[in-house]
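Participant: kindly return the folded structure for what I paste below:
(one chain, ligands or ions: 1)
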Amino acid sequence: MSKYECIVCGWVYDEEKGDPDSGIAPGTRWEDIPEDWLCPDCGVGKEDFELIESSPLAETPHHEEPSSAENTPAIVVIGTGLAGYGLVKELRKLDKETPVIMITSDDGAAYSKPMLSTGFTRNMDAAALVQKDAGTMGQELDASIWTSTKVTSIDTDKQIVTVGDQQTQIHYSKLVLALGADVIRPPIGGNATEFVYSVNDLLDYDDFRKAVERNNVKKICIIGGGLIGCEFTNDLLNGGFEIDTVDPLGYCLPTLLPEQAGKAVQAALEEQGATFHFGKLVTEVNKGANGLEVTLNSGDKLACDLVVSAVGVRPRIELAKETGLAVNRGIVTNRLCETSATNVYAIGDCAEVNGHVLVYVAPLMAQGRALAKTLAGEATEVSYPAMPVAIKTPTCPVNVSPVPRDAEGEWSIEQDGNNVVATFRDPSGQLLGFALTGEGIKQKMALQKELPPIMA
Ligand SMILES: Cc1cc2nc3c(=O)[nH]c(=O)nc-3n(C[C@H](O)[C@H](O)[C@H](O)COP(=O)(O)OP(=O)(O)OC[C@H]3O[C@@H](n4cnc5c(N)ncnc54)[C@H](O)[C@@H]3O)c2cc1C
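Facilitator: Numbers count the residues shown, from 1 in each chain. Got it, this is the predicted structure:
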């Protein structure tokens, strides 16, 4: 019997136990679970699960070739997020010999980044979110993992990366950039900006949790009512905090959802106690008589103990730019994930693959699977099926397949309270996107089947 883990929330499907709540009997093999089954915790589909424990019977016998590792130059991967680790996991299924060196500026802990916005709901601090430390990952992947090590330059002619102090250089045969994305920091003045936190990785999350405890925080102001802002609004409400959320646009998730769906999410979060301030910007955070005072461009002032900024992320392109690689919104690659330099690839949040910048888990898994094959000798282009995104607002769950930019067509919306099924079709009737909230998410599988692939 095997086990499969949801890479978005960490929930584990154990074939021995099944998922009786969803009608999946104990003993049901993974391949026999219906394709429209959804993760009971976060609502993503089977494609976002990976095998973590395999039954001995299911294992394919491994044919040992004589080791050629000693003379094989290393594949170097910069980044140990879901993209970096995901790629090396896939590579090791195909190639157990080629030496792999992974370099990360953080501690190399393997964790599911999407779970950072469900930590209070699940009562998990940073330590509890660590799935495996760097040492364990290194053993499992037969890779050398260099932690707390920042790559400062790359010489693509000599195929060398330089780390930290300029003294240490590593030669690569192939180099993979899996550098992630930086948070966008809105311009905010005032004398208390050190109390404005962004949570974009496990170390940020640890700082944030500790600041909440240290400052005996009760009231939090969230800047941004998009995906991360709404997830934190829900999670922190579940953690028992009072929440004010500020966004310059008019409703929740404004860049992803049509207004009715966004307002349904807003209403559900308000029912839980959230207060939204739409159409406004935070301009200053100052120390007040009791905690902090947040000033909005309308002149309004909000009292709180801590501020969370969640206004979006931007692919990390600086290192690639300094190296002379082609960059646009992300590090530019073709469908083989090749950058403009020979033997250098980019995947994950930092990459712009064939014009697409998609800062979600499903695309980086597709990239990792394809690039692993390429690195193992079988050139393989990335394909993207339709990849709807589950937004973790359990008080009103959301599933959205964003409408492509500049698409022609119109929304058709059915609403029953906070349950919305919104579909966007072009003039010929082809479905191009959808937005589902509340009970509406039950339509996900049926609608997903109608969507054209993002990149066939
Ligand atoms: C709170 C939150 C919730 C989310 N929820 C969801 C969700 O529900 N569903 C979904 O699909 N997506 C979600 N996402 C997005 C998803 O988590 C990301 O798309 C994904 O984790 C990105 O992985 P990555 O490996 O590309 O980047 P990262 O995880 O950021 O990894 C980047 C790595 O690069 C290293 N690095 C960078 N520069 C250097 C350097 N110069 N030298 C050495 N190392 C370097 C870093 O140390 C790190 O190891 C969420 C994101 C956040 C922040």
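
Participant: sheet partners, orientation included, of the least confident helix or strand in the chain by mean pLDDT?
Facilitator: Of all helical and strand segments in the chain, the minimum by mean pLDDT, DSSP states H and E falls on strand 49-53, at a mean of 83. Taking DSSP bridges as the criterion, strand 49-53 forms sheet pairs with strand 3-6 (antiparallel).

Participant: what parts of the stretch 1-150 of the chain come near the ligand?
Facilitator: Contact residues (CB under 6 Å from any ligand atom) of the stretch 1-150 of the chain with the ligand: 8, 78-84, 103-106, 113-114, 116-117, 150. (C-beta placed from N, C-alpha, C; glycine too.)

Participant: out of the residues you listed, which are buried?
Facilitator: 8, 78-84, 103-106, 113-114, 116-117 (16 or more other CB atoms under 10 Å).

Participant: which helix in this protein has the most residues?
Facilitator: helix 361-375 (DSSP state H).

Participant: for that one, packing partners?
Facilitator: Contacts defined by 3 or more CB pairs under 8 Å, 6 or more residues apart in numbering; DSSP states H and E place helix 361-375 against helix 82-94, strand 174-177, strand 344-346, strand 351-353.

Participant: mind redoing it with 10 Å?
Facilitator: When contacts are defined as 3 or more CB pairs under 10 Å, 6 or more residues apart in numbering; DSSP states H and E, helix 361-375 packs onto helix 82-94, strand 174-177, strand 344-346, strand 351-353, strand 389-391.

Participant: my guess is residue 207 meets residue 116, correct?
Facilitator: No. At 11.8 Å, residue 207 does not count as touching residue 116 under the criterion of CB atoms under 10 Å.

Participant: which neighbours do the two have in common?
Facilitator: 126, 199 (CB atoms under 10 Å, 6 or more residues apart in numbering).

Participant: give me every residue that touches the residue lying closest to residue 348 once chain neighbours are set aside.
Facilitator: Distances taken as CB to CB, 6 or more residues apart in numbering put residue 83 closest to residue 348, at 2.7 Å, once the chain neighbours are dropped. Going by CB under 10 Å, 6+ apart, residue 83 touches 77, 176-180, 346-351, 361, 363-365, 367-368, 371.

Participant: swap in residue 258?
Facilitator: 251, 400, 403, 410-413, 420, 422-424, 433-435.

Participant: with residue 176 instead?
Facilitator: 75-79, 83-84, 87-88, 91, 100, 102, 337, 339, 343-348, 351, 367-368, 371, 375.

Participant: ok, residue 105 next?
Facilitator: Listed by CB under 10 Å, 6+ apart, the contact set of residue 105 reads 78-80, 146-151, 163-164, 179-180, 201, 203.

Participant: three-state assignment of it?
Facilitator: Following DSSP: H, G, I helix; E, B strand; the rest coil, the label given to residue 105 is coil.

Participant: and the residue nearest to residue 348, how far is that from residue 183?
Facilitator: According to CB to CB, to the nearest Å, residue 83 and residue 183 sit 17 Å apart.

Participant: what residues of stretch 395-405 count as buried?
Facilitator: So for stretch 395-405, counting by 16+ other CB under 10 Å, buried means 395-403.

Participant: take that stretch, keep the C-alpha atoms, and write them as PDB.
Facilitator: Provided in PDB are the C-alpha atoms of stretch 395-405 (Å, rounded to 0.1, in the frame of the first residue of the first chain):
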ATOM      1  CA  THR A 395     -15.000  30.000   5.200                       C
ATOM      2  CA  CYS A 396     -15.900  30.400   1.500                       C
ATOM      3  CA  PRO A 397     -13.600  28.200  -0.600                       C
ATOM      4  CA  VAL A 398     -12.600  29.500  -4.000                       C
ATOM      5  CA  ASN A 399     -11.500  27.700  -7.200                       C
ATOM      6  CA  VAL A 400     -10.500  29.900 -10.100                       C
ATOM      7  CA  SER A 401      -9.200  29.300 -13.600                       C
ATOM      8  CA  PRO A 402      -8.200  32.900 -14.500                       C
ATOM      9  CA  VAL A 403      -9.400  34.200 -17.900                       C
ATOM     10  CA  PRO A 404      -6.400  34.800 -20.200                       C
ATOM     11  CA  ARG A 405      -5.500  38.500 -20.600                       C
END
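
Participant: how near is residue 18 to residue 54?
Facilitator: Distance of residue 18 to residue 54, given as CB to CB: 17 Å.

Participant: neighbour-wise, which of the two wins?
Facilitator: Comparing residue 18 with residue 54 by other CB atoms under 10 Å, the one with more neighbours is residue 18, at 17 against 13.

Participant: and that one, what is it in contact with?
Facilitator: Residue 18 neighbours (CB under 10 Å, 6+ apart): 24-29, 33.

Participant: and residue 228, that one's in a helix?
Facilitator: Yes. Looking at residue 228 with three-state DSSP, it is inside a helix.
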